[in-house]
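> Structure here, sequence nowhere to be found:
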Ligand SMILES: Nc1ncnc2c1ncn2[C@@H]1O[C@H](COP(=O)(O)OP(=O)(O)OP(=O)(O)O)[C@@H](O)[C@H]1O
Ligand SMILES: [Mg+2]
């Protein structure tokens, strides 16, 4: 499947509760070119998850539009062009890692699809570095391994777009660094368009082609930064003076602007 781009135009999201209404997103417009890795960076409560859910067709915006590959987002959802990865892996506890990755394809494919679904699942587990862990149950996996399984599960459906909502937020710093490198590896071997949500400045700079910086009340994009660091990105990238400069710039904008909840 060829890479597919995303266009978000004038998205507003208003939540109503009793007498009150809260504008959670105001006039959000952004483009994600096909095959790129883009992050939404901002403090807690600025609407990152809400925006991701709107892009993924899980929520309808109050106004504005999202198109994917030039067509309405709902069509992309129906065509299973969108894969989702959340902060918690949410694996089925009674199924093995392999079965967790293959079961959706088994259901979609119907009778006779099991063999092909299992083969795809094995390939995806290999891709995320868990080729040997297929028979393990979720309770036998570390947090990082479980999150890899959930990435493999999303990839098994071969979506053009991967939406990732703080997928590594619950992991320790060392595992998180490894997962970031591993994600870039996987991305370079596929042609996915990735929208990645984080409130870690370093994670955003390390991963991204482009960073959309958000602020809260109302949630909106306040800056879009193109990260011109060479790829592949490695441990050496962290010492690149440009990396340090991007980090400083973002920290000044976010934390210096007295916005809490964004970590360096
Ligand atoms: N279904 C909902 N109904 C009402 N309000 C909601 C709903 N979902 C989110 N909100 C509100 O919208 C705002 C943005 O929430 P959202 O989860 O998008 O933030 P976020 O940037 O993802 O934060 P975090 O970094 O903590 O995950 C918050 O004030 C939240 O309370
Ligand atoms: Mg969130």
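Received the coordinates, thanks. It should be emphasised that the depicted structure is a prediction, and the values quoted were computed from it without experimental measurement. Ligands and ions are numbered 1, 2, ... in the order given.

> alpha carbons only for contacts and neighbour counts from here, please
Fine.

> Please name the bridge partners of the residue nearest the centre of the chain.
Against the mean C-alpha coordinate of the chain, by Cα atoms, centre = their mean, the closest residue is residue 164 at 1.7 Å. The residues listed as beta-bridge partners of residue 164 by DSSP bridges are residue 85, residue 196.

> Ligand 1 contacts on the chain?
By the rule Cα under 6 Å from any ligand atom, the part of the chain lying against ligand 1 is 15, 24, 43, 44, 45, 46, 47, 48, 49, 50.

> so which pair among the residues you listed is furthest apart in space?
Of all pairs drawn from the residues of the chain next to ligand 1, the one with the largest separation by Cα to Cα is 15 and 43; the distance is 18.9 Å.

> The residues of the chain next to ligand 1 in helices, which ones?
Members of these lying in helices (criterion: DSSP state H): 48, 49, 50.

> Compute the distance between the second one and residue 219, please.
Same thing as residue 49. The span separating residue 49 from residue 219 equals 11 Å under the rule Cα to Cα, to the nearest Å.

> With neighbour numbers in mind, choose between the two.
More crowded of residue 49 and residue 219, by other Cα atoms under 10 Å: residue 219, with 24 against 18.

> tally of neighbours for whichever residue of the stretch 151-264 of the chain sits closest to ligand 1?
Among residues of the stretch 151-264 of the chain, the one nearest ligand 1 by Cα to the nearest ligand atom turns out to be residue 199. It sits 6.4 Å away. Other residues near residue 199 come to 22 when the count uses other Cα under 10 Å.

> And the helices in the stretch 51-200 of the chain, which stretches?
Taking DSSP state H, counting those that start in this stretch, the helices of the stretch 51-200 of the chain run over residues 73-78, 97-109, 114-127, 143-156, 173-189.

> Show me the contact partners of the shortest one.
Right, helix 73-78. By Cα atoms under 8 Å, 6 or more residues apart in numbering, the surrounding residues in contact with helix 73-78 are 55, 56, 57, 66, 67, 68, 82.

> Since that was my last question, I'll sign off now.
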